[in-house]
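> Following is a predicted model, sequence given first.
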Amino acid sequence: MKKDEMYKAISLLGIFALLLGCSSNSGPSVSEDDPETVARRAALKAEIAKHYETKVALPPELFEDLEAGRIEKEVVDERIAAGEFPRFFQFKTVEDLPDYLVWEDGSDLPEIGSPKAKKGGTIYGTIQDFPRTLRTVGPDSNGRFRRYLLDHNAIRTAREHPNSTEIGPNGPRFYPGLAKEWAIDKGNQTVYVRLDPKARWSDGEPVTADDYLFMFFFFHSSYIKAPWYNNFYNRSYQGITKYDELTYSIKVSVKKPDFATYVLGLVPRPEHFYQDLGDDYPERYQWLFQPTTGAYAIKDEDIRKGESITFTRLDNWWADEKRNFRYRFNYEKKRIQVVRDNAKAFEMFKKGELDAASLSLPEYWYEKLPDDDPLVEGGYIKKAVFYNQRPRPPYGMWINTAKPLLDNQDIRVGIQYASNWDLVIEKYFRGDYSRLNHTAIGYGKFTNPNIKAREFSVEKALQHFAKAGFNQRGSDGILVDAEGRKLSFSLTTGYTTLKDPLTIIKEEAAKAGLDLRLQILDNTAGFKMAQEKQHEIHFMAWSYGAEMYPRYWETFHSINAYNPDGSIKTQTNNLNSLAIPELDELIETYRSSGDVDEMIDLAHRMEKIIHDSAAFVPAFHIPFYRIGYWKWRKYPDDFNVMKSEDSSEFSLSWMDVEEKKATLQAKDRGETFEKSIRIYDQYRSE
Amino acid sequence: MFGMKLNPLTAKKVARFKEIKRGYYSFLAIVALILFSLTAELFVNSRALIVSYEGKWYFPTYRGVISGETFGLDYSYETDYRQLRETFKETGSDNWVLLPLVPYDPYENNEYEGVFKPAPPSIANRHFLGTDTTGRDILARLYYGFRIAIFFSLVFLLLTYLIGIAIGCLMGYFGGIFDLIGQRLIEVWSNMPFLYVVIIVFSVVPSSISNSVRIGILLTIMVMFSWMGMTYYMRTGAYKEKARDYVAAAEALGASTGRIIFKHIIPNTLATLVTFMPFTIVGAITAITALDFLGFGLPPPTPSLGELLKQGTDNLTTAPWIVVSSFMALVAILTLVAFVGEAIREAFDPKKFTVYK
């Protein structure tokens, strides 16, 4: 017995030791003057220098041919040796700057943020899984946590103004971030940037043009184990030129009205932090917080594995006084904790342990926190709806036209009429969401306003199915054709949370004699199935960034549907296996066009062709976001900026620390405040 | 086993089982429930039992879809019988509709206050246990869910026992190398993570196959990973029995291996088996409930206890009736089965009648 206990104690100790081992956050300890480290760093320096010297800018087509193996590497190497292509990295002096440049700094645009904002306080948020890494590039880095590190924190060179829809001769309007000013040379597809001399990394090092040069080395290198970045930074850019420590220019490959976004949207990489870059990058940098240009940094002791991560605001952040930034990033600390269960997170919110919760789903807005909930009634929690304007994820049913029967246009049109999304929106989403009309909603003028999704109509569906030969109902009410084939398809999805609407679609489709067999997979398996093009009808939405115009090549060009030998091409976004020669032509013109009006016209025509093909059943889109928040949290008077994806994307909110105490005390005493349910519809477009 | 003339020993055991009232009544209750569930269509169904239209009688329950046009309605899909009844009432004709007690099927979405949301239990609208998050009748879903679960577990029981008994007996009877290798193989096999296999298999199963086949695949996987437990008991049982004199006698008389195993050994180890059965059923129901809860079980919208339970826990505060009814139903079924199991174990307990030396 005693022996048993001893073993138990020993094994427990072992487990503790293991846990302790796991929770130590310090990266691999590197002693500065260890000869091995010194040698390795010197080697990396030499490698970077060599890359700067030898790297050439290949034309994008040539690069693509090389990647696809259509051209021999030796042939290209010979051409490079012959000096056919310009060097990617160039070093010049300020005198070399062209004199025709017009410098701008976006100072004529309204400032973002509210002057009422106060600094300080801690906010609490949740995440479902603990991030698997703190890297933002490389294996496992594309998780939900990356937005906290990058999108919501890191300051870009300059950013599209979130309240401006203006499209000038040089594309959208920007407000400066790391840049002090910039000049757009449209003829040469080059953008010149002067960095803000105040810009600093969170460890105090200045942000310089060298960090941009290094950024290209970083993304060109194979160390980062991220082929997508390798490809993107090779194909999209034609080179960077350094003029002085704070001045550089970047040339873009694509000829697009918004090509400046490709340059101004860049976030540099701190060269001094990546001294130990090498093949062990994924492991070495796994839990190291890269110095950021943003307001929040993570301290080693604030990474509590499996539990929480806390961001702390920098004292004397470099952009504290900068226009467009001085009223933002207001909290002292942001604590993100792991809560696996949504229902639990919501209860925590109602107890005041979290500051805000999304109420975008109708059941949350109407049932879980109804307008007459005591917390809302008493004014402790405010509710708000904000109508934003940005590209909408196209939720809908992607029909694989390469599958038998689904290659028949009449059947596809029949499926359109048999899909009762209007009922789902009205009865399940309670009329809050809007019917999606086609794939490109939310792109302003690029959105074709004349296309309407086909309505639910048993009669019309039956007519079209009958045209395809399905004119008899079987004993189960499902249509059959003369050969005895049943009108039955599988409807797959990786969205487990949207299972219920699909069961309604299934029940309604049966009325039109169409059998949809539901298959709800987990996220990864569902997406994999669609990527392998094994689906018949797949329900999903692409998540689109706030881009100026919709993309068609990825999703609808035949090159992404079929291989040259006629077999199905997998791992592309053309989920419809759509191959329409007329559409291909338009897409190619559109892709190489730099003219806004022409692109708008083309986008409208392409959307019409896609609508006529009936390969995509548009479902719904959400024209707003809704949140509930405790009254100590404050938002600007107009709540948020037009292009914001959610309430925290632009970090405009702040909190009143005193009020938090007072509110919770008042709640205990039963005192109430004024009820607040507000709808901000100044940007509502439909 | 059944239908044969019981030998006195078995008869005694049965009599003893009947004496244990709690288990016996639970057994009767389960049998009644199973039989009742076979006729579920007559009690819980959106299709009418009888429609009298223009002097003609229709019995829609067990036949194919009857189009709305048959009854003079303006649509070609399946008749909405609840609405049909209202129509007949309004027009004041001689036509009439007889609806089942619960006039809903487990798939249809019913509005509540104009939207699809959970409706609390109500006798007036005949949602006796309320509706779930998309407005489907909970009683109907529970009832059909129970039917699927119980038959699923009965088939599961049959298959696992067939395999488990056969292999276990063989290992025990032959012993030696066969036993040794068999045991190691089983150890290896039982270390395969069941849940991952389910996930992997279902991610590669083509979606073109029908729901019933998918249920079959799930059953097969579950059987494949569950027969091992039985082999251990059967192996020991067979090992023990094999050493006894009557087996030696049978061997001496020239009985074949098959005859010895099936005629002599299995009947004598049956006592152990019978006591395990109810617990296997409990295990199977729990397993399929757990799989549904995790989203890897029966394909939606198949009615299932686990799926209801999941909905219930997600809506604990806003629609408590979902979790209450699904939880109570699950507890009731499992308790009944467990009571039966307990009684069988007690009735078959050899200690009461025999003394082993």
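Perfect, thanks for sending it.
> Could you give the number of residues near whichever residue of the stretch 1-150 of chain B sits closest to chain A?
Chain A sits closest to B:Gly64 of the stretch 1-150 of chain B, with a gap of 2.9 Å, by CB to the nearest CB. In this view, the C-beta of every residue, glycine as well, is placed from N, C-alpha and C. Neighbourhood size, B:Gly64 [other CB atoms under 10 Å in any protein chain shown]: 12.
> Least confident secondary structure element in chain B?
helix B:194-204 (a mean of 76; mean pLDDT, DSSP states H and E).
> Show me which residues of that one are buried.
Residues of helix B:194-204 classed as buried: B:198-199, B:202 (neighbour count, 16 or more other CB atoms under 10 Å in any protein chain shown).
> what does that helix contact?
A:521-522, A:525, A:528-529, B:214, B:217-218, B:221-222, B:225, B:291, B:294, B:296 (CB atoms under 8 Å, 6 or more residues apart in numbering or on different chains).
> Helix or strand next in line after it, which one?
Going down the chain from helix B:194-204, the next helix or strand is helix B:211-224, by DSSP states H and E.
> pLDDT on the top helix by length along chain B, on average?
Assignment by DSSP state H gives helix B:138-174 as the longest helix of chain B. Mean pLDDT, computed over helix B:138-174, is 90.
> That one close to chain A?
No: judged by CB under 8 Å from any CB of the partner chain, helix B:138-174 makes no contact with chain A; its nearest approach is 11.6 Å.
> from the buried residues of helix B:194-204, which is closest to B:Gly135?
Lowest distance from B:Gly135 to those (CB to CB) belongs to B:Phe202, with 27.7 Å.
> TSV for the buried residues of helix B:194-204, including distance to A:Trp317?
Output for those, formatted as TSV (distance: CB to CB, whole Å):
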residue	distance to A:Trp317
B:Val198	50
B:Ile199	46
B:Phe202	50
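> So which of the residues you listed is the closest to A:Ala117?
B:Ile199 (47.2 Å).
> Which residue, other than its chain neighbours, is closest to the one residue in the stretch 401-550 of chain A that gets nearest to chain B?
Here the stretch 401-550 of chain A gets closest to chain B at one residue, A:Ser475, 2.9 Å apart by CB to the nearest CB. Spatial nearest neighbour of A:Ser475, excluding adjacent residues (CB to CB, 6 or more residues apart in numbering or on different chains): B:Gly64 at 2.9 Å.
> Let's see the pLDDT reported for the one you found.
pLDDT at B:Gly64 comes out at 79.
> is it true that it touches A:Asp476?
Yes: judged on CB atoms under 8 Å, B:Gly64 makes contact with A:Asp476 at a distance of 6.3 Å.
> hmm, back to that, roughly how far does the residue of the stretch 401-550 of chain A closest to chain B sit from B:Glu78?
11 Å (CB to CB, to the nearest Å).
> And B:Leu316, by the same measure?
35 Å.
> now do A:Asp196
Separation of A:Asp196 from B:Glu78 (CB to CB): 69 Å.
> So those two - more neighbours on which side?
Between A:Asp196 and B:Glu78, counted using other CB under 10 Å, the more crowded position is A:Asp196 (22 against 19).
> residues in contact with stretch B:174-192?
B:167, B:170-172, B:225, B:228, B:231, B:235, B:239, B:242.
> any shared contact partners between A:Ser475 and B:Glu78?
Common neighbours of A:Ser475 and B:Glu78 (CB under 8 Å, 6+ apart) are B:Val65.
> ok, of the contacts of stretch B:174-192, which one's closest to B:Ala329?
For those, the nearest to B:Ala329 is B:Phe225 (26.4 Å; CB to CB).
> Could you report the separation of the closest residue to that closest one other than its chain neighbours from A:Trp632?
Leaving aside its sequence neighbours, B:Phe225 sits nearest to B:Phe194 (CB to CB, 6+ apart; 4.5 Å). Going from B:Phe194 to A:Trp632 by CB to CB gives 49 Å.
> my read is B:Ser267 is in a helix, agree?
Check again: residue B:267 is Pro, not Ser. Yes: under DSSP: H, G, I helix; E, B strand; the rest coil, B:Pro267 falls within a helix.
> just the angle between the helix or strand harbouring A:Leu518 and helix B:211-224, please?
Using DSSP H and E, the element containing A:Leu518 is strand A:515-520. Calculated by axes from the mean of the first three to the mean of the last three CA atoms, to 10 degrees, strand A:515-520 forms an angle of 30 degrees with helix B:211-224.
> how close does the closest residue in space to A:Thr292 that isn't next to it in sequence sit to chain B?
Spatial nearest neighbour of A:Thr292, excluding adjacent residues (CB to CB, 6+ apart): A:Ser202 at 4.9 Å. A:Ser202 is 40 Å from chain B, where distance means CB to the nearest CB, to the nearest Å.
> what's A:Ser202 sitting at in phi/psi?
Dihedral pair for A:Ser202: phi -70, psi -10, per degrees, to the nearest 10.
> okay, which residue is most central for the chain?
Since you didn't name a chain, this refers to chain A. A:Gly545 (5.4 Å; CA atoms, centre = their mean).
> was after chain B, sorry
Note: chain B centre (CA atoms, centre = their mean) maps to B:Ile150, 1.2 Å.
> where's the closest residue to that one other than its chain neighbours, which helix or strand?
Spatially, and ignoring its direct neighbours in sequence, B:Ile150 is nearest to B:Ile34 (5.9 Å; CB to CB, 6+ apart). Using DSSP H and E, the element containing B:Ile34 is helix B:21-38.
> Mind giving me the packing neighbours of that helix?
helix B:8-19, helix B:138-174, helix B:320-347 (3 or more CB pairs under 8 Å, 6 or more residues apart in numbering or on different chains; DSSP states H and E).
> what's next to that helix, contact-wise?
So helix B:21-38 is contacted by B:17-18, B:43, B:143, B:146-147, B:150, B:335-337, B:339-344, B:346-347 (CB under 8 Å, 6+ apart).
> Produce a ChimeraX select command limited to the buried residues of these.
Restricted to buried positions by 16+ other CB under 10 Å, the ChimeraX selection for those reads:
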select /B:17,143,146,147,150,336,337,339,340,341,342,343,344,346,347
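> Using TSV, lay out the contacts of helix B:194-204 together with pLDDT.
Listed next are those as TSV, based on pLDDT from 0 to 100:
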residue	pLDDT
A:Leu521	77
A:Asp522	72
A:Ala525	73
A:Lys528	78
A:Met529	80
B:Arg214	78
B:Ile217	85
B:Leu218	84
B:Ile221	87
B:Met222	87
B:Phe225	87
B:Leu291	79
B:Leu294	70
B:Phe296	71
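> will you turn those residues into CSV that also has distance to A:Ile303?
Shown next, in CSV, are those (distance: CB to CB, whole Å):
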residue, distance to A:Ile303
A:Leu521, 33
A:Asp522, 28
A:Ala525, 31
A:Lys528, 31
A:Met529, 35
B:Arg214, 43
B:Ile217, 43
B:Leu218, 41
B:Ile221, 40
B:Met222, 41
B:Phe225, 39
B:Leu291, 35
B:Leu294, 30
B:Phe296, 33
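> Buried ones among those?
For the contacts of helix B:194-204, buried by 16+ other CB under 10 Å: A:521-522, A:525, A:528-529, B:214, B:218, B:221-222, B:225, B:291, B:296.
> Kindly indicate which of these lies nearest A:Gly396.
When the buried ones among the contacts of helix B:194-204 are ranked by distance to A:Gly396 (CB to CB), A:Met529 comes first, at 16.5 Å.
> Report the contact partners of residue 144.
No chain specified, so I'll use chain A. A:127-129, A:131.
> I was thinking of chain B, sorry if that wasn't clear
By CB under 8 Å, 6+ apart, the contact list for B:Tyr144 reads B:40, B:44, B:106, B:303.
> do A:Tyr281 as well
Here A:Tyr281 is in contact with A:138, A:223-225 (CB under 8 Å, 6+ apart).
> at 10 Å instead, please
In this structure, A:Tyr281 makes contact with A:135, A:137-139, A:218, A:221-226, A:274, judged by CB atoms under 10 Å, 6 or more residues apart in numbering or on different chains.
> so which pair among those residues is furthest apart in space?
A:Pro139 and A:Tyr274 (16.7 Å).
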